[in-house]
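Asker: Quick one: sequence and predicted model below, then my questions.
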Amino acid sequence: MFREPQAVAGGPAMRERLAKTVDAHKYTHGHALILSGGPAKGGAARLAARGALRIGAGLVTVGCPPEALTENAARLDAVMLEPIADADALAVVLEDKRINALGLGPGLGTGKREAALVAGVLGAGRASVLDADALTILAGKPDLLAALHDTCVLTPHSGEFGRLFPDIAEKLAAPAAKGPAYSKVDATREAAKRAGCVVLYKGPDTVIADSDGRCSINSAHYERAAPWLATAGSGDVLSGFIAGLLARGFAPMQAAEIAAWLHVECARRFGPGLIAEDLPEAVPAVFRDLGL
Ligand SMILES: NC(=O)C1=CN([C@@H]2O[C@H](COP(=O)(O)OP(=O)(O)OC[C@H]3O[C@@H](n4cnc5c(N)ncnc54)[C@H](OP(=O)(O)O)[C@@H]3O)[C@@H](O)[C@H]2O)[C@@H](O)CC1
Ligand SMILES: Nc1ncnc2c1ncn2[C@@H]1O[C@H](COP(=O)(O)OP(=O)(O)O)[C@@H](O)[C@H]1O
């Protein structure tokens, strides 16, 4: 089935779901945990965390190596902090079942600690968004790829997509010898089926597919053009938006579609000169425009 995402994102049903109920408390809106890399590598995870909080997760925690606590503490206020040295420490933190959405990859690093964290996150079976370095870790690791489940969302740019699904990327790059060309829609759908989870393949046309073949395009063209999104860290914020919506209880496909739509809306609302930090700060104006 093929649908325009705008039919989902931006519509009355989305507005109703995004609005917060009057008598709720913060835990009603979920708790997202964003895992961070080490000292001087925390910017990307902080951007994601800010995105998750602005999109409406009730609580957001950054989990970082103990040696990065001081740096993060100096940069975070509403976002909470937890030292997470390794996968064992992650397992202890995840004993809190109220942590209902996980995000990892931005600025994470690709070493042994980080690979163990990816395994720990996948083993926890909770709604998770895997981006950036988490995707690089997954690439070529059949055991980790097999651990992906239907509440995961993968958010590759084309470099990461090529690392994760080299054969699919090759088909996409090949010129059509006859008939219609193998498209980004075909590629994303095939990747989602193989991964067994939602794949959001980024770009000016962001294609989002789930493993059942459901697919949508979030286009940033014509009146929705947002070329300012091509700036360092904007994808990190997108992964935070998705984590925040997962924490709020949106299904993975819906979280990915709505996050991608809001991401472009935030860029359009802010306009030229946008840097990644501006995206979470544009959320309140976009929400107001939606009548929330
Ligand atoms: N403020 C911060 O702290 C920020 C921290 N960040 C963190 O940095 C880490 C590295 O992330 P990364 O994405 O920059 O690097 P990497 O995984 O090496 O892939 C890049 C290579 O892939 C290729 N490529 C092909 N298509 C592409 C496309 N559409 N978009 C982009 N690349 C594309 C291209 O190769 P080329 O095609 O040029 O040969 C390119 O050289 C990661 O942890 C991330 O979270 C950043 O988010 C920035 C803000
Ligand atoms: N020309 C463009 N028009 C609209 N959106 C774009 C354009 N180029 C990139 N984007 C969006 O910007 C984000 C970039 O993410 P990514 O490549 O992961 O960067 P980073 O790793 O620096 O955060 C993605 O959401 C992508 O869809």
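Answerer: Perfect, I can see it now. Residues are numbered from 1 along each chain as shown. Ligands and ions are numbered 1, 2, ... in the order given.
Asker: what's around Ala139, how many residues?
Answerer: Residues near Ala139, counting by other Cβ atoms under 10 Å, number 17. Bear in mind the C-beta positions are built from the backbone N, C-alpha and C, glycine included.
Asker: Could you measure from the residue of the chain found nearest ligand 1 over to Ala226?
Answerer: Nearest residue of the chain to ligand 1, counting by Cβ to the nearest ligand atom: Gly159, 2.4 Å away. Computed with Cβ to Cβ, to the nearest Å, the distance linking Gly159 and Ala226 is 20 Å.
Asker: The spatially closest residue to Gly203 that is not a sequence neighbour: what's it in contact with?
Answerer: Leaving aside its sequence neighbours, Gly203 sits nearest to Ser158 (Cβ to Cβ, 6 or more residues apart in numbering; 6.6 Å). By Cβ atoms under 8 Å, 6 or more residues apart in numbering, Ser158 lies in contact with Ala169, Tyr201, Lys202, Gly203.
Asker: By neighbours, which of those wins?
Answerer: Ranking the contacts of Ser158 using other Cβ under 10 Å puts Tyr201 first, with 27 neighbours.
Asker: Which residues belonging to stretch 39-54 are considered buried?
Answerer: 41-54 (16 or more other Cβ atoms under 10 Å).
Asker: residues from the stretch 151-292 of the chain in reach of ligand 1?
Answerer: His157, Ser158, Gly159, Ala232, Gly233, Gly235, Asp236 (Cβ under 6 Å from any ligand atom).
Asker: got a list of what the closest residue to ligand 2 within the stretch 101-250 of the chain touches?
Answerer: At 2.2 Å from ligand 2, Gly235 is the closest residue in the stretch 101-250 of the chain, using Cβ to the nearest ligand atom. Contacts for Gly235 (Cβ under 8 Å, 6+ apart) come out as Pro106, Asp131, Ala132, Thr155, His157, Lys202.
Asker: Helices - which of the residues you listed land there?
Answerer: Counting by DSSP state H, the part of the contacts of Gly235 found in helices is Ala132.
Asker: Highest neighbour count among the contacts of Gly235?
Answerer: Result: Pro106 is most packed of the contacts of Gly235 (other Cβ under 10 Å), 32 neighbours.
Asker: Spatially central, which residue of this structure would that be?
Answerer: The centroid of the chain falls nearest to Ser239 when counting by Cα atoms, centre = their mean (2.3 Å).
Asker: List the contacts of that one.
Answerer: So Ser239 contacts Ala48, Gly51, Gly103, Gly105, Pro106, Val129, Asp131, Ala132, Thr155 (Cβ under 8 Å, 6+ apart).
Asker: separation between the residue nearest to it when sequence neighbours are not counted and Ala181?
Answerer: Nearest non-adjacent residue to Ser239, counting by Cβ to Cβ, 6+ apart: Asp131, 3.9 Å away. Asp131 sits 28 Å away from Ala181, going by Cβ to Cβ.
Asker: sorry, back to before: between the buried residues of stretch 39-54, which is nearest ligand 2?
Answerer: The closest of the buried residues of stretch 39-54, once distances to ligand 2 are taken by Cβ to the nearest ligand atom, is Ala44, at 6.9 Å.
Asker: Next SSE downstream of the strand or helix carrying the closest one?
Answerer: Using DSSP states H and E, Ala44 sits in helix 43-54. Downstream of helix 43-54, the first helix or strand assigned by DSSP H and E is strand 59-64.
Asker: For the following helix or strand past that following strand, which helices and strands make contact with it?
Answerer: Note on strand 59-64: by DSSP H and E, the next helix or strand toward the C-terminus is helix 69-75. Contact partners of helix 69-75 among helices and strands, from 3 or more Cβ pairs under 8 Å, 6 or more residues apart in numbering; DSSP states H and E: strand 80-83.
Asker: Alright, calling it a day.
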